[in-house]
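>>> I'd like to go over a predicted model; first the sequence, then the structure.
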Amino acid sequence: MTTEPAPIKDIGELKAALQLAIGLELSTIPVYLTALYSIKDGTNTDAAQAIRSVVMEEMLHMVLAVNVLNALGEKPSVNPVNFRNRRLNPIPRYPHTSPLIPGIGELALRPLTPAAVDSFIKIEHPYHGAVRPDDIKCARDAYPTIGTFYEAIQTALQDLDGLHFHSAHQVKATQYYGGAGEVIEVKDRETALKAIGKIIDEGEGLPPNQLDKQAKKVTTQDKLNSGWQMYSHYARFRELQTGRRYRSTQLARETPEGSLLLVDYSAVHPAKYIKLDDAEPQDSPESIALNEFDAAYTQLVNDLYLAFSGKMKPVKDKIAPKGEREADPLLLAVHGMRALKDKAVALMRTPNPANPTHTLCPRFHYASTP
Amino acid sequence: MGNDTPTHPDPKGIFTDISVELTGFDRAELGGTGMVDTYYDTLLRMIGEREAGQLFRYAQEALDADRKEQRKDNAAFKKAVIDNPRFGPVALGLIKLWYLGRWYPLSAAYRDRFGSTADDVEHVVSGQGYREGLVWAAAGAHPMGAKPPGFGSWAEPPSPTP
Amino acid sequence: MSNLPVPDYDLVIVGGGISGAVIAKTVIEQAAKKKKFPRILILEAGRATALSADKYDTYVEAYHKALVKVPNSPYPASRSAPQPDVLDIRPLDNTDADPGGQGYFVQKGPMPFGSDYTRSLGGTTLHWLGTCLRMLPNDFKMRTTYNKGVDWPIDYEALKPYYERAEWDILGVAANVEHQHYPGLTGSPEEFFKSNNTTKFHEGSYHFPMAEIPSSWLDQYMAHTVDGMTISLPGKAKPEHTFKIKISNTPVARNSTPAAGYNVVGAVGNADQGQRCQGNSSCIPICPVQAKYNALKTLYELIVKYPDQLKAGEQPGTRARVTIQSQSVATNVVHTKATSTDKGKVTGLTYKKYYDDGAPPQGTPPTEYTVTARTYVLAANAIENATLLLASKAANTSDQVGRNLMDHPLLLTWGLLPENVGAYRGPGSTSGIPAFRDGAFRKDRTAFRVEIGNWGWNFPEDTPYTTVLDLVGGNEDGKAQLHGRELRKRLGEILPRQFRIAWELEQDPEGRNRVTVEDRYKDALGKHRPVIDYDLSDYMKASLPWAAEASRQLFEKLGMKNKVPHLPCEPEKPGRKKARSYETGDYTHYACDDASKVKYGGETYAVRGAGHVVGTHRMGADPTTSVVDSYQRSHDLPNLFIVGCGSMPTLGTSNPTLTMTALALRTGDEIAAKELSA
């Protein structure tokens, strides 16, 4: 039974969809980061590199969605949005099942385990692991897959009348760069479509026909650059899942048969996520550390959204006139990311006193999300 | 059985408590370095299990006493461990170990009384030990060559140290 | 001509460091414009280094694990290609001792030569700081302007286009033109940097490929406190010289925010990494993410783009090819002597390939090979170039090979600031004080550059280690002086206030400061070890009291007037019973057993090596007083180029790598233009 998702009908709905797209990209990052940071020092180098490369691209996709939204004159916001009679929080609480895109399944924070890798593949597969999109149970006001969600945005950007684009608060290519590729600054319909197209090409919205294409293609230029460009998230995680690289002649839908990719699941911190509600309220050093992590994550998200709305952040500085100056929140968010990593790793090394075979797991709880 | 069953002591737990006392970092902070098990092993390699057992006994009794009397200066611990010629030099080694990630050999005076082990030479315990040296956190910084705080972080005002 | 044997290669380069890599790249790129495709061999004496990210990580780990953290800590040396180590710098007072008894250098004194270099693929750029200051116009004409040293055969304007290419095409330099305030210039910084390349830079208005690396908060604090102050120093002719102080951000080969059109070069084999400096605070000895340039980046580009191995169907001579061979130590530059009608020329290069890394080569004996080429390049470091030429008795009609060895002797001063300035954060240095880099005073004493250090007292006192040891104490009675929260708090009060400055003194060229070879001093492979005679001139020493006095005035302004007493002649002994009190003030002092003590004007100073090994085959127009011409071509053997910092006739106050790179680009152009066959 086919239920075509409803098209995005007006500007208001498009803006809401883009707010949720930003949140969607952001919401996958903790899932990957938890696995990445659970890897013990100096081990699983290749697996870590693969996951890190995906995270960097998810961040890029978030920025691309931000640029499109800003170009439409709407500021990115952490606040709940109304989308088709539902009030949705862009920033989730884990474990999280997206009401917007049920196909993804549950987003859970887990260390690097075979089950975690399976869940990554589910996220990145065109039909999220289903054989056909029709197999995914989905209400008409939602989207079965990430691909269909971005297609709807694409169609709306293309077809809706009365869209006015202007280059406002764009995160610039020079501010954000890395192996993940270049940021597209959005100033008109064409660049907006290009930005969404880039998310679709690289990301979770992998078009189904990509499975029938060569899994990877490495050129000389790729060797000098990062080597990931021609390589979908799905293919990278398939390699992790199977413990083998694709051969250069293989298609993405095939089982990788190339050289071995060494993944050692025992060289991973045995972190175990405890739901916020289940955490015992106490003043133990461990609880304090978990709360500090959530505070740092909240701060980071706030800095990011402040940067996305084109604002500067006042910071205390005793040598500045009047003891205060303005700082670029995007740069502060970069520092926040680094600090968050160190905190996450520390948590995942710390035994849980209630269950000493497991270590603590960061909760990535954004304070204002209920 | 029943009430006669002794509770089995938890040596690593006592080692952690001693380390908290010696370093001024709490249990989660020390756990976060991932070095508790390694340093526990290091201690045993340096003074042997038997002597470590003695240290743990005296230290635990002192910590219990301090806790019971709610003493802020932990005078009992200081007397039993820091100022004790038997355990003081070991405590000294542990402080340096936690702060710098390297073992500094025990003194000749200590060895004259208690002997020494073959491993008791100056060495960096591991790369992770270096990276997790508490001195960097105490300085409000990060280890040189690891845990980079990000582009331009050095241009921001220093965060106050505790 | 045509019946001469075909040489093995178009170009053989000795040394897989920055000069060799730049010349290979430049020759290939320039030759391609004329449809010529050279085949190049690069011989590296040391081991191959990591060319992938996971392998590079092991060098970082080696540094973390090293008991002694010196510049060469991450890079294992081979006994077959030993390298100098700053730990070998010991006092030379005992003249009875065999100077060849320790280390790699044979130090004959009277001063020890205090700098090292790295014999591994990538060379010393593996552990350089990354500073990329251009030399100042007067630095090229010291004889004409100040009647000191010698003039260069080229001037600043001639080198300028090569500086620009070095900054853009090789090193990737981060700086803002408008923040470069140098003395002795008549015009603005914009004029100093004005480019002749108006196609690339609109109206010649130059900009660097990346925005400056942000100045550390310490730099900002310094600027806030001392900018605009005047330092007065006693002179001979004038009663007083005055210097207006301005803290200036230092150009560095460290990745930052790119200008439009510039592609940032990340880590070798993993370009995702190192796209920007992350503040690892370990430029020396290793940048963990390779945000700082190292020669591996250029070498990697060469072997990826121009592999020696031809693909199926590829014809030789249709594209450039590069081979890198490590563990291959050049031992002889085979050459013919000049006759009355002809100059001599190099006919081959002999090298030994060793197999037993880290042990004397006895299992499998090293194999000796002789390779031939149209053109030969020695790019093995100033000291290595000199020993090879001297051992080969080549290219030395001028008797200048090995002479004029120079460095930037450093005077360190350090103190404890009244406030937390966040020490131990950021790159080793982000700013300096350029005021003393040029001026009329250079008639009487050498110029100097002031580098502000971001890493507390790490350089002079091996902190934070010694600070912890000092506070914990207990060496004598076995009782910790401080422990627990008190220790943590005290460290937090002291370490972030630690501050140090390096006063980098220009050394002038002297014939007596030289590298020689003696048959009794050879390494495990039988190659000559460098024998070094080294001292400082009075002209140079005259800057020591100036630097010390300038430091005094600066420290006073920074609230560190209080000279914290240090027991005279007490060797550094961390953990003595009474810890220091750590009051605010000037902690500069010199240990009695310091190997590099200098007495001058009744005062004792101690200097350190800067790792700037310069001047052993200087360039000049006159073949009787110089070894190479301005293209670094040997006067004696025209198919031999002797390149690197050794070619620099004088040193100025710039760290020499940028200038060396500019010179290498110029040499690459010359080789591509004149040396390659059709």
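Happy to help now that I have it. Source: prediction; values computed, not measured.
>>> ends of stretch C:208-227, what's the gap?
One end of stretch C:208-227 to the other measures 25 Å (Cα to Cα, to the nearest Å).
>>> all helices of chain A, in order?
For chain A, the helices defined by DSSP state H occupy A:11-37, A:45-71, A:114-124, A:146-159, A:189-202, A:220-224, A:233-242, A:285-308, A:329-349.
>>> wait, chain B
B:11-23, B:27-33, B:36-68, B:75-77, B:88-100, B:108-114, B:127-131, B:134-138.
>>> ok, now the stretch 51-200 of chain C?
C:53-65, C:142-146, C:156-165, C:189-192 (DSSP state H, counting those that start in this stretch).
>>> A:L193 touches A:Q154, doesn't it?
Yes: counting by Cβ atoms under 8 Å, A:Q154 is a contact partner of A:L193 at 6.6 Å. Heads up, the C-betas are built off the backbone N, CA and C, glycines and all.
>>> who's in contact with C:F459?
C:F459 sits next to C:L412, C:G453, C:R500, C:A502, C:R608 when contact means Cβ atoms under 8 Å, 6 or more residues apart in numbering or on different chains.
>>> quick one: least confident of these?
Ranked by pLDDT, the contacts of C:F459 bottom out at C:R608 (92).
>>> the residue nearest to that one when sequence neighbours are not counted bridge partners, please.
Closest residue to C:R608 in three dimensions, ignoring its sequence neighbours and counting by Cβ to Cβ, 6 or more residues apart in numbering or on different chains: C:L410, at 4.6 Å. For C:L410, the beta-bridge partners under DSSP bridges are C:E504, C:R608.
>>> and C:L410, how far from C:S581?
28 Å (Cβ to Cβ, to the nearest Å).
>>> contact partners for the closest residue to B:T33 other than its chain neighbours?
Of all residues not flanking B:T33 in the chain, B:E132 sits nearest, at 3.7 Å (Cβ to Cβ, 6+ apart). Under the criterion of Cβ under 8 Å, 6+ apart, the neighbours of B:E132 are B:T33, B:G34, B:M35, B:G101, B:P143.
>>> what do you get if the cut-off is 7 Å, keeping everything else the same?
Contacts of B:E132 were listed using Cβ atoms under 7 Å, 6 or more residues apart in numbering or on different chains, and they are B:T33, B:G34, B:M35, B:G101.
>>> hmm, the last one is touching B:V135, no?
The reference is to B:G101. No: checked against Cβ atoms under 7 Å, the pair B:G101 and B:V135 is beyond contact range at 8.7 Å.
>>> what residue in chain B comes nearest to chain A?
B:G32 (2.8 Å; Cβ to the nearest Cβ).
>>> that residue contacts A:P351, correct?
No: applying Cβ under 7 Å, one finds B:G32 not in contact with A:P351, separated by 10.5 Å.
>>> okay, the two: which has more neighbours?
The residue with more neighbours, out of B:G32 and A:P351, is B:G32; 27 against 21, by other Cβ atoms under 10 Å in any protein chain shown.
>>> for the more buried one, which non-adjacent residue is spatially closest?
Closest residue in space to B:G32, ignoring its immediate chain neighbours: A:A346 at 2.8 Å, by Cβ to Cβ, 6+ apart.
>>> with B:D37 instead?
Nearest one to B:D37, counting by Cβ to Cβ, 6+ apart, is B:K12 at 7.3 Å.
>>> the longest helix in chain C is where?
Longest helix in chain C, counting by DSSP H: helix C:657-674.
>>> angle of that one against helix C:156-165?
Orientation of helix C:657-674 against helix C:156-165 (axes from the mean of the first three to the mean of the last three Cα atoms, to 10 degrees) gives an angle of 90 degrees.
>>> then helix C:657-674 to CSV, C-alphas only?
The C-alpha coordinates for helix C:657-674 follow below in CSV (Å, rounded to 0.1, in the frame of the first residue of the first chain):
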residue,chain,number,x,y,z
THR,C,657,63.5,28.1,6.4
LEU,C,658,61.3,30.6,4.4
THR,C,659,64.4,32.1,2.8
MET,C,660,65.9,28.6,2.1
THR,C,661,62.6,27.7,0.4
ALA,C,662,62.7,30.8,-1.7
LEU,C,663,66.2,30.0,-2.7
ALA,C,664,65.3,26.5,-3.6
LEU,C,665,62.4,27.7,-5.8
ARG,C,666,64.9,29.9,-7.6
THR,C,667,67.3,27.0,-8.0
GLY,C,668,64.5,24.8,-9.3
ASP,C,669,63.7,27.4,-12.0
GLU,C,670,67.3,27.6,-13.0
ILE,C,671,67.7,23.8,-13.3
ALA,C,672,64.5,23.5,-15.3
ALA,C,673,65.6,26.3,-17.6
LYS,C,674,69.2,25.3,-18.2
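>>> and the next helix or strand past the helix or strand harbouring C:V322?
Using DSSP states H and E, C:V322 sits within strand C:321-325. The helix or strand immediately downstream of strand C:321-325 is strand C:328-335, counting by DSSP H and E.
>>> contacting residues around the residue most central in space within chain B?
When Cα atoms, centre = their mean is applied to chain B, the residue found nearest the centroid is B:S19 (3.5 Å). B:S19 sits next to B:L30, B:L94, B:W98 when contact means Cβ under 7 Å, 6+ apart.
>>> may I see the buried residues of the worst-scoring helix or strand of chain B on mean pLDDT?
One helix or strand of chain B scores below all others by mean pLDDT, DSSP states H and E: helix B:108-114, with a mean of 90. Buried positions in helix B:108-114, judged by neighbour count with 16 or more other Cβ atoms under 10 Å in any protein chain shown: B:Y110.
>>> stretch A:268-283 too?
A:V268, A:H269, A:P270, A:A271, A:K272, A:Y273, A:I274, A:A279.
>>> hmm, who's touching it?
Against stretch A:268-283 from outside (Cβ under 7 Å, 6+ apart): A:38-40, A:108-112, A:287, A:290, A:348-349, A:352, A:355, A:357-361, A:363, A:365.
>>> out of those residues, which end up buried?
Buried residues within the contacts of stretch A:268-283, defined by neighbour count using 16+ other Cβ under 10 Å: A:38-40, A:108-112, A:287, A:290, A:348-349, A:352, A:358-361, A:363, A:365.
>>> just those that are near chain B?
With Cβ under 7 Å from any Cβ of the partner chain as the criterion, the buried ones among the contacts of stretch A:268-283 include A:R349 near chain B.
>>> now do residue 283, the pLDDT please.
Just going to use chain A. The model's pLDDT for A:D283 equals 86.
>>> that's the other chain; I wanted chain C
94.
>>> how about C:E510, secondary structure?
coil (DSSP: H, G, I helix; E, B strand; the rest coil).
>>> do the same with C:L296
C:L296 ends up helix, using three-state DSSP.
>>> what about the nearest residue to it once chain neighbours are set aside, neighbour count?
Beyond its immediate neighbours in the sequence, the residue positioned closest to C:L296 (Cβ to Cβ, 6+ apart) is C:G122, lying 4.4 Å away. The tally of other residues near C:G122 (other Cβ under 10 Å) stands at 27.
>>> might you report the residue contacts of C:G122?
C:G16, C:G17, C:T49, C:N294, C:A295, C:L296, C:L299.
>>> how about 10 Å then?
C:16-18, C:21, C:44, C:46, C:48-51, C:75, C:268, C:294-300 (Cβ atoms under 10 Å, 6 or more residues apart in numbering or on different chains).
>>> over to A:A173?
By Cβ under 10 Å, 6+ apart, the contact list for A:A173 reads A:G181, A:E182, A:V183, A:I184, A:E185, C:P258, C:A260.
>>> 8 Å - rerun?
Contacts of A:A173 (Cβ under 8 Å, 6+ apart): A:E182, A:V183, A:I184, A:E185.
>>> domains of chain A?
Split into domains by automatic domain parsing, chain A comes to A:11-242, A:276-359.
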